[in-house]
Structures are given as structure tokens and as C-alpha cells.
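>>> Here you go, sequence then predicted model.
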Amino acid sequence: SQMGIANVHDPVVVEAEGSYYVFSTDNMGPSFGYQIRKSDDLIHWEYVGVAIEGHGNGSTAQGLYEAGNGALQEVYDVLSKDSNWDNVWTLWAPDVVPAADGGYWLYGCWTAAFGQGHSVIFQCYSESITGPYEYVDILVYSYDGWTNGPNAIDPSIFYDTEGNMYMAYGSFNGGIYCLQLNAETGLRYDGHTGSEVLSGSSLTASERYGTRMVSSTSMEGPVVTYFEDVEVYEGDVSEYDSSASQYADLYYLMGSAGSLSSTYNMRSYSSTTPTQGYTSLLGSGANSGNRVSGSFSWRTGDGRLNPPYYDFAYPGHNDMLVTSSGKNILAYHNRQTFASGNANHYLFTSMFAFNSRGDLVMSPNRFAGETERKITAAEITGLSGGNYMYNLVTGDSYSGSTNGGYASTGLVLKEDGTVTLNGADAGEWLLYGDNYVYIELNGVKYYGAAMPAFIERENRGGITISCLSENGASTLFLNQTFAD
């Protein structure tokens, strides 16, 4: 159905009760209150309904709240008194997690005006994953518009190894922040209630907003996930020996940077501690983390809408999910094509993995049920004769990347470890470990991972390779291409 993967913005995915559920921003749907979709396979999605009943729709929300009957009346009563209030009725970027004593907590945000930094994050509760979720309290209100802190939107819950509960949040100018929560109540750890975090209270900015996790002024939509024993090998890959690796316990923070309609792209950082110390290869002073993805396409850009009939256009605002069966999945929204005016967002899921240096890399294909596994050199060079289409994502806009964001052909990974481009020597490659791949292409070094994938352009399974450049600035995506 059209509401299957269409109209999904800022998705968060929850595995619960034997199924997967996606909650998303009120974007071009039948009613407000957060959309819910259900899937058994992370591929096919069915629209379930809204999470918060009584928040209204495009024609009824204002009347509900002005009459004092809205489901989030307490939040409206705060925002409508804000000098920036601009009749914004949609809710943005939710997160949903199991509650301490059963049921589920939903964390949502409502803003007074688009792009002004005047916003509220609140908590709701439901006994059922599909709602209805009932309002509990306000957690944070950014009433001074980025002057003293973050924009209070995009809440995302995570836990450290001790079971401490945190909420990462924030968007653009104010940076990404982290507020500790009480794991028993899901509310503020410091005990401040909604009325105490409103304007006019005596809290300092740091008391109100918590810890600044990332100082970037171009990031939003944070999500943090913890991984144990991540391999970090810093030696010569041609002499790779896993016994020479470090095995680190790391928190990975992902977010999205840039404009939703022109430069949106996915980034990652990591840290050994949950709330601070997040770094990337681009350096602590950089405005964004390692590139995970940006706009690119497996079409060749010859003017025809050739298979797979869509682009990865301005992908982002992702969630990270490690399923109970051990699959690593990113869920994110995607604009479908580079064409201007294509405003609709679709729900995409893709696998992610780690390279030998502990950097996160994403499969440049939609998830089709694959599992990360050991990959053989015979698969890499034999399945397609070593022939690959490739994307080199070097910029934040599709037009700013190699080949205008479209796929290029003529790359061959040869059995002797060399790389050729259109028949000419262009570098070298190496498969090591279970599925680590090193590629030197035109003098630039890339570290990545090979994964099984369903390659939609080819309408068949094959091998994909996703690599991050040595400096963290660019991604190199390879898909096998098969002779007709």
C-alpha cells in the first residue's frame, strides 16, 4: 500500500512482541500523533495507525487544542505562550523504548516554529506497543532558541553498561546534547518535573539541558548504540593478524547533517564513554563525523530512469537496530530521486558493518534479509568476473560528488589484487579477516567491508562493498554488475 513505506520521516524502529515497529514524524499522513508501521521482516511494512490519539489532524488539531481538549494539552499550553509560536501542529522524531515495569515509553517533541529552536520534549506511556500513548510529563523545553543550548527535538534513548539511562537530543545550531534519565521512571534523573524546566525557573543552562555530546552546528537526529569487542586493527593490512588488534567497547553516535532537501547525509562518531569524548577521523574540531552515506544512485545518469528507478536522495535521520538475531540495521528516510520538488520521504532499511579500523560502514543497498558473513575472494572476483559499478560519495550534495552522484562503470577487482578502471591500472585491493576489504583507488586509501546484498539494478543477489576513506571524509560504494 502507499502508506507501506511512503510518508515516513525520521523513523525509529523497535523490535517488540515478535515483530518490528517503526514510529515516525507526522509527515503527509492521514492524521497527527506519530505514525506506526509494523513488519515481520524489516522489508514489508503495514500502516497500523497513530500512537497518540486526540492530537488531531490537519483540519482539527487547532480546534482541539484551543478548546483545551488536545492529548498533549500541557505541551501546547507551554508552546502557544512562546513568542515564536507559529501554529505548528505536527510532532517530530519520536523514540519508543520498553518501560521499566512493562509497557512502553514514547519520547516525542513538538516545536513552536520550524527552525527557531523553541521546542519541547515530552514523555508518554502505553501498555501496548501500538498505543494509545498517554501524556506523562515534559522533560526539557528550549525556550531561548539556541542561545544557551540545544533545540529540544529528536530525542533518542540509550543505556550504558551500568544500566544508566540517557536521552540524546538536539538539532543543528545548538549541538547534540545528552540528558540523564531515571531508568525506573524514564523521566529526568535530577528529579526536576516539567513545571521546573520551563522558562522563568532558576535552573542554569547546563542544569536544564545536560551534557553537550557533539559540538557540531550542522547535525541532528542523534542515535547512540553500544557495541562490545569492536576490532580495531591499526597495522599494515597486507600483514593483517587479528591477534595484533585491539578490541574496544565503544558507543557509536550517528546523526545527520545538512539540508533535508539538498545536502542531507549520515555521519558517525565513537567514544569509550556514553556521554562525551565522541570523535571521528575528521578530528574533534570538525563540524561532522565520518561519512556513512550521502546522496548517490545506482542509476547511470543518462537521462533515463533506468533500474533501480530511484536514487538514494538526501538519506538520513536514521535509527540503529541490532536485531535479536544479530543483524545490524539502519532505518532512515530517503527522498527517492534527485529531482527537485520530490518532497515525499520513504522508509529504507540497510545493513551496516564495521571496517577493520572500527569505523561504521553501510550497505549501499536496501536490506533484503541478508546476514553479514565470511566473504571469499572467489566470490569477490568470480561471481561477476570482478566487475563492479561504483559510487564515490565525496560531497554532501549529489551534484557535488563524483559523476554527479550517479554510478560509474568499468571498475574491476582482479584476482592478482590490482584494481583497474576502464582497463587502466588504478590501484590495489585486499580481502582480509572475515569480510574486511582494503582498496587503494587513484591514490586514496579506503577501508571497508564486503557484504551479501540484493542488487536491485541487477535483480539478483551479489556482493556489495562499502568503504570509508582513510580521512573519514568520503565513502566508496561498490556493487557487482553482471554481464547481460
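Happy to help now that I have it. Residues are numbered from 1 along each chain as shown.

>>> need the contact list for Gln116.
Each residue near Gln116 by Cβ atoms under 8 Å, 6 or more residues apart in numbering is listed here: Asn84, Asp86, Gly145. The C-beta positions use only the backbone N, C-alpha and C, and glycine is treated the same way.

>>> cutoff 6 Å now
Gln116 makes contacts with Asn84, Gly145, as judged by Cβ atoms under 6 Å, 6 or more residues apart in numbering.

>>> How about the secondary structure of it?
The three-state label given to Gln116 by DSSP: H, G, I helix; E, B strand; the rest coil is coil.

>>> Angles on the backbone of it, please.
Dihedral pair for Gln116: phi -110, psi -10, per degrees, to the nearest 10.

>>> Against Asp82, how distant is it?
Gln116 sits at a distance of 9 Å from Asp82 (criterion: Cβ to Cβ, to the nearest Å).

>>> ok, Gln62 to Asn69 distance?
From Gln62 to Asn69 the distance is 12 Å (Cβ to Cβ).

>>> These two: which is more packed in?
Legend: neighbour count by other Cβ atoms under 10 Å for Gln62 and Asn69, higher for Gln62 (14 against 11).

>>> what's next to the helix or strand containing that one, contact-wise?
Assigned by DSSP states H and E, Gln62 falls within helix 61-66. Under the contact criterion Cβ under 6 Å, 6+ apart, helix 61-66 has outside partners Phe32, Gly56, Gly70, Tyr76, Trp89.

>>> pretty sure the last one is in a strand, no?
It stands for Trp89. No: Trp89: not assigned to a strand; according to three-state DSSP it is coil.

>>> which residues in the stretch 201-350 of the chain form strands?
For the stretch 201-350 of the chain, the strands defined by DSSP state E, counting those that start in this stretch occupy 211-214, 219-232, 246-257, 265-271, 290-293, 316-322, 328-334, 346-354.

>>> list the helices and strands the first one packs on?
So that's strand 211-214. Packing contacts for strand 211-214, counted by 3 or more Cβ pairs under 6 Å, 6 or more residues apart in numbering; DSSP states H and E, involve strand 176-181.

>>> any idea of the angle the strand it packs on forms with strand 219-232?
80 degrees (axes from the mean of the first three to the mean of the last three Cα atoms, to 10 degrees).

>>> Give me the packing partners of strand 176-181, helices and strands only.
So strand 176-181, by 3+ Cβ pairs under 6 Å, 6+ apart, packs with strand 165-169, strand 211-214.

>>> What ranges in the protein fall below the confidence cut-off?
For the chain, the stretches with pLDDT under 70 are 1-2, 284-286, 302-305, 341, 484.

>>> Stretch 325-339: which residues count as buried?
Neighbour-count burial for stretch 325-339 flags Lys327, Asn328, Ile329, Leu330, Ala331, Tyr332, His333, Asn334, Arg335, Gln336, Thr337, Phe338 (criterion: 16 or more other Cβ atoms under 10 Å).

>>> what do you get for stretch 202-214?
Within stretch 202-214, the residues scored as buried using 16+ other Cβ under 10 Å are Arg208, Tyr209, Gly210, Arg212, Met213, Val214.

>>> Pairing partners for the last one in the sheet, please.
Read that as Val214. In this entry, Val214 is beta-bridged to Ile176, by DSSP bridges.

>>> right, and it touches Tyr177 too?
No: if you go by Cβ atoms under 6 Å, Val214 and Tyr177 don't touch, sitting 8.7 Å apart.

>>> quick revisit: got CSV for the buried residues of stretch 202-214, with distance to Ser156 too?
Converted to CSV, these look like this (distance: Cβ to Cβ, whole Å):
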residue, distance to Ser156
Arg208, 19
Tyr209, 15
Gly210, 13
Arg212, 15
Met213, 11
Val214, 13
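
>>> quick check, nearest of those residues to Met28?
Val214 (29.8 Å; Cβ to Cβ).

>>> Pipe the helices and strands packed on strand 176-181 into JSON lines and attach distance to Gln480 per row.
Shown next, in JSON lines, are those (distance: least, Cβ to Cβ, whole Å):
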{"stretch": "strand 165-169", "distance to Gln480": "37"}
{"stretch": "strand 211-214", "distance to Gln480": "36"}
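
>>> Quick one: closest of those strands to Arg373.
Comparing those by Cβ to Cβ, strand 165-169 comes nearest, at 31.3 Å.

>>> Out of the contacts of helix 61-66, which two sit at the greatest distance?
Pairwise distances across those peak at 12.1 Å for Phe32 and Tyr76 (criterion: Cβ to Cβ).

>>> one step back: from the contacts of helix 61-66, pick the one nearest Leu321.
Within these, proximity to Leu321 (Cβ to Cβ) peaks at Phe32, which comes in at 25.2 Å.

>>> give me the number of residues near the nearest residue to Tyr240 once chain neighbours are set aside?
Distance criterion Cβ to Cβ, 6 or more residues apart in numbering; nearest residue to Tyr240, sequence neighbours excluded, is Tyr432 at 4.3 Å. The criterion is other Cβ under 10 Å. On that basis, Tyr432 has 17 neighbouring residues.

>>> If Tyr432 is in a bridge, with which residues?
Tyr436.

>>> just so I have it, where are all the helices in this structure?
Per DSSP state H, the chain carries helices over the ranges 61-66, 73-79, 205-209, 377-382.

>>> List the buried residues of the second one.
Going back to what we said before, that points to helix 73-79. Glu74, Val75, Tyr76, Val78, Leu79.

>>> Give the closest residue to Gly186 in space, chain neighbours not counted.
Using Cβ to Cβ, 6+ apart and skipping the chain neighbours, the partner closest in space to Gly186 is Trp105 (4.4 Å).

>>> Adding distance to Glu379, write the buried residues of helix 73-79 out as a markdown table.
Shown next, in a markdown table, are the buried residues of helix 73-79 (distance: Cβ to Cβ, whole Å):
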| residue | distance to Glu379 |
| --- | --- |
| Glu74 | 57 |
| Val75 | 53 |
| Tyr76 | 56 |
| Val78 | 57 |
| Leu79 | 55 |
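
>>> does Tyr169 have beta-bridge partners, and which?
Assessed by DSSP bridges, Tyr169 has beta-bridge partners Tyr177.

>>> Then Arg460?
Arg460 has these beta-bridge partners by DSSP bridges: Ile455.

>>> go on, the one 5 residues further on?
With DSSP bridges as the criterion, the beta-bridge partners of Ile465 are Ala450, Leu478.

>>> That one contacts Val437, correct?
Yes: counting by Cβ under 6 Å, Ile465 does reach Val437; the two are 5.2 Å apart.

>>> Let's see stretch 82-95 as PDB, backbone CA atoms only.
Extracted in PDB, the C-alpha atoms of stretch 82-95 (Å, rounded to 0.1, in the frame of the first residue of the first chain):
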ATOM      1  CA  ASP A  82       6.100  31.100  23.400                       C
ATOM      2  CA  SER A  83       6.700  34.300  21.400                       C
ATOM      3  CA  ASN A  84       7.700  32.200  18.400                       C
ATOM      4  CA  TRP A  85       4.500  30.100  18.300                       C
ATOM      5  CA  ASP A  86       3.600  29.600  14.700                       C
ATOM      6  CA  ASN A  87       0.700  27.200  14.600                       C
ATOM      7  CA  VAL A  88       2.900  24.100  14.100                       C
ATOM      8  CA  TRP A  89       0.700  21.000  14.800                       C
ATOM      9  CA  THR A  90       2.900  18.200  13.600                       C
ATOM     10  CA  LEU A  91       5.100  16.200  16.000                       C
ATOM     11  CA  TRP A  92       8.600  15.300  15.100                       C
ATOM     12  CA  ALA A  93      11.100  12.500  15.500                       C
ATOM     13  CA  PRO A  94       9.900  10.200  18.300                       C
ATOM     14  CA  ASP A  95      11.600   7.400  20.100                       C
END
